[in-house]
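Colleague: Could you look at this predicted model? Sequence included:
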Amino acid sequence: MQSLAWHSLSFDTWVFALLVSGYALAVTFRFNDAATGAVLLIVAFLCIALYVRARRNLVRLGLVYLAVAGIAVAPMVVGITMRRSTGPNQFAHDGMIQTEEAAKFFVAGKNPYVENYLNTPLADWWLPSPVAVVNPAVYHLVYLPFAFVFPVPFLVLAQSTLGWFDLRLIFLPLFLVTLVLLPRFTASPAKQRALVLLFALNPLFVPFLAEGRNDAVVLFWLVLSVALLQARHPVASAAAMACACATKQIAWFALPFYALYFLKVYVCTGAPDWRTVLRRALLPFTAFLILFAALVFPFFLWDSNAFVEDVFRYPVGLSEHPYPIRSLGFGGFALALGWIASDTAAFPFERLQLLFGIPVLIGLLRFLCDRISISRLWICCGILTFVISFFARVFNDNYLGYLLNLALLGVIADDA
């Protein structure tokens, strides 16, 4: 038998081998079951051996998606099943539970930003804290309107046919479509497979995907928007970007770089005069504004004070029930060092965000302008999002997975 030249294996092969074997070992140690571990390791070894020996791209892609199904998709399915057999406040993240309840309020004709969530499953969700506290999310909905408007038709359909609904029934197909779109960003089959593997099996992303955090939704709209722009469908791309920005505030930090890429590549390239530039920019720009306004502005008009309180004052700690400081960045260090009295105290994080964020934004725009590419677009999105998040009141653990996926897109996408 021909011996394997391990030093000559492709990058995607190493990625596949390390991720598959790593997850098999992690599950073994997690459950401390030697028999299960032995079976998983044997299956992992066989899959790795088949991947190494495979010569056809289709076979390797099949193994990639098989690994994704077993490692990323299966835990989501288990979470949905366990929640169905226990209760609506179990095996789900509180943000997912609140989004479902907000959609139900909206269907019932109630304003999700006015209503409290004391009589919903969210009130019984466990809040990790050294002392017994009330989850402030029962008083405030921090997400933007499209986060709960988009699931409404699926909620109505599922409740009328199945009698129950789980938001992960939407998250899962969006996640899978994202994986189908990722190969568009590089021409190399090996890099395409590596990108799908690293993105889908990101260890800082998979656990939060399983419990229903909505990072996968934001990434779907961002990836779809950039893929559509790359395919020269500017109006559809602008609409997808509007959906991202109307879902979660974290998507806003991609907007400056998306706009620069759009202007330089689609609008200005080959334009003979300023009239052509205006004509190319007008329809996509209008589509973005109209769609974003249509998704967000009605809720502002419905009750502007409640909307501003939940979406803006609450996350910066200026509401009656402030968002507690939960930060892996500056906020966590400041709290640990005693610079902030308590995790509910007010602190001018937004000033730090402006102080550090504006120079970084200007530098990144110049960096992207020097050589426009999809790769640099993703890198800039990741860096600015990291800086703003680091100096934010809240820098949750799941943000690391989101940022790492942006970085992976930047590093692996073609710089052309």
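Modeller: That came through, no problem. Numbers count the residues shown, from 1 in each chain.
Colleague: C-alpha from now on. contacts and neighbour counts both.
Modeller: Noted.
Colleague: Run through the protein and note the low-pLDDT ranges.
Modeller: Low-confidence segments of the chain (pLDDT under 70): 1-9, 127-133, 271, 416.
Colleague: how about the helices in the stretch 1-150 of the chain?
Modeller: Taking DSSP state H, counting those that start in this stretch, the helices of the stretch 1-150 of the chain run over residues 11-31, 34-53, 57-68, 74-85, 94-107, 146-149.
Colleague: For Thr178, find the nearest of those helices.
Modeller: Thr178 sits nearest to helix 57-68 of all these, at 12.6 Å, using CA to CA.
Colleague: Compare the helices of the stretch 1-150 of the chain and give me the one nearest Gly270.
Modeller: Here helix 146-149 is closest among the helices of the stretch 1-150 of the chain (CA to CA), at 35.8 Å.
Colleague: what's the closest one in contact with?
Modeller: With contacts defined as CA atoms under 8 Å, 6 or more residues apart in numbering, helix 146-149 is touched by Thr99, Glu100, Ala102, Ala103, Phe106, Cys243, Ala246, Thr247, Lys248, Leu295, Val296.
Colleague: Name the nearest of these relative to Leu354.
Modeller: Lys248 (19.4 Å).
Colleague: Span of stretch 62-77 from start to end?
Modeller: 20 Å (CA to CA, to the nearest Å).
Colleague: Grab the CA positions of stretch 84-102 and hand them over as CSV.
Modeller: Extracted in CSV, the C-alpha atoms of stretch 84-102 (Å, rounded to 0.1, in the frame of the first residue of the first chain):
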residue,chain,number,x,y,z
ARG,A,84,-40.2,19.6,23.2
SER,A,85,-40.0,16.9,25.8
THR,A,86,-39.3,19.2,28.8
GLY,A,87,-40.6,22.8,28.6
PRO,A,88,-40.3,26.0,26.5
ASN,A,89,-37.8,27.5,28.9
GLN,A,90,-35.4,24.6,28.7
PHE,A,91,-32.6,23.8,26.2
ALA,A,92,-32.8,27.2,24.6
HIS,A,93,-31.1,30.6,24.9
ASP,A,94,-33.1,33.4,26.5
GLY,A,95,-32.7,35.6,23.4
MET,A,96,-34.3,32.9,21.3
ILE,A,97,-37.2,32.4,23.8
GLN,A,98,-37.8,36.2,23.9
THR,A,99,-37.8,36.5,20.1
GLU,A,100,-40.4,33.8,19.9
GLU,A,101,-42.6,35.5,22.5
ALA,A,102,-42.1,38.9,20.7
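Colleague: Any buried residues in stretch 296-305, and which?
Modeller: Val296, Phe299, Phe300 (16 or more other CA atoms under 10 Å).
Colleague: Save the helices of the stretch 1-150 of the chain as TSV, and put in distance to Leu255 and mean neighbour count too.
Modeller: Shown next, in TSV, are these (distance: least, CA to CA, whole Å; neighbours: other CA atoms under 10 Å):
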stretch	distance to Leu255	mean neighbour count
helix 11-31	31	17
helix 34-53	39	16
helix 57-68	30	17
helix 74-85	30	16
helix 94-107	24	21
helix 146-149	17	21
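Colleague: in the stretch 201-350 of the chain, which spans are helices?
Modeller: 206-210, 215-230, 234-245, 255-261, 274-302, 304-308, 330-336, 349-370.
Colleague: Now tabulate those helices in a markdown table and tack on distance to Arg53.
Modeller: Converted to a markdown table, the helices of the stretch 201-350 of the chain look like this (distance: least, CA to CA, whole Å):
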| stretch | distance to Arg53 |
| --- | --- |
| helix 206-210 | 27 |
| helix 215-230 | 32 |
| helix 234-245 | 39 |
| helix 255-261 | 40 |
| helix 274-302 | 47 |
| helix 304-308 | 57 |
| helix 330-336 | 47 |
| helix 349-370 | 40 |
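Colleague: just so I know, which of those helices lies nearest Pro151?
Modeller: Nearest of these (CA to CA): helix 215-230, 11.2 Å.
Colleague: what angle sits between the closest one and helix 234-245?
Modeller: Put simply, helix 215-230 runs at 160 degrees to helix 234-245, going by axes from the mean of the first three to the mean of the last three CA atoms, to 10 degrees.
Colleague: who does helix 215-230 touch, helix- and strand-wise?
Modeller: The helices and strands touching helix 215-230, judged by 3 or more CA pairs under 8 Å, 6 or more residues apart in numbering; DSSP states H and E, are helix 168-181, helix 234-245, helix 397-412.
Colleague: circling back to that earlier point, out of the buried residues of stretch 296-305, who's nearest Asp397?
Modeller: Distance to Asp397, by CA to CA, is smallest for Val296 among the buried residues of stretch 296-305, at 27.3 Å.
Colleague: Could you report the separation of the closest residue to that closest one other than its chain neighbours from Gly332?
Modeller: With sequence-adjacent residues excluded and distances taken as CA to CA, 6 or more residues apart in numbering, Val296 is closest to Pro145, at 5.9 Å. In this view, Pro145 and Gly332 are 29 Å apart by CA to CA.
Colleague: ok, these two, which is more surrounded?
Modeller: Comparing Pro145 with Gly332 by other CA atoms under 10 Å, the one with more neighbours is Pro145, at 28 against 20.
Colleague: List the residues that contact that one.
Modeller: Applying CA under 8 Å, 6+ apart, one finds that Pro145 lies in contact with Ala246, Thr247, Leu295, Val296, Phe299.
Colleague: what do you get for Ala240?
Modeller: Ala240 sits next to Trp221, Leu222, Leu224, Ser225 when contact means CA under 8 Å, 6+ apart.
Colleague: Mind putting those into JSON lines with neighbour count?
Modeller: Compiled in JSON lines, the contacts of Ala240 are given as follows (neighbours: other CA atoms under 10 Å):
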{"residue": "Trp221", "neighbour count": "23"}
{"residue": "Leu222", "neighbour count": "25"}
{"residue": "Leu224", "neighbour count": "22"}
{"residue": "Ser225", "neighbour count": "25"}
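Colleague: residues contacting Val223?
Modeller: Counting by CA under 8 Å, 6+ apart, Val223 has contacts Thr178, Leu181, Leu182.
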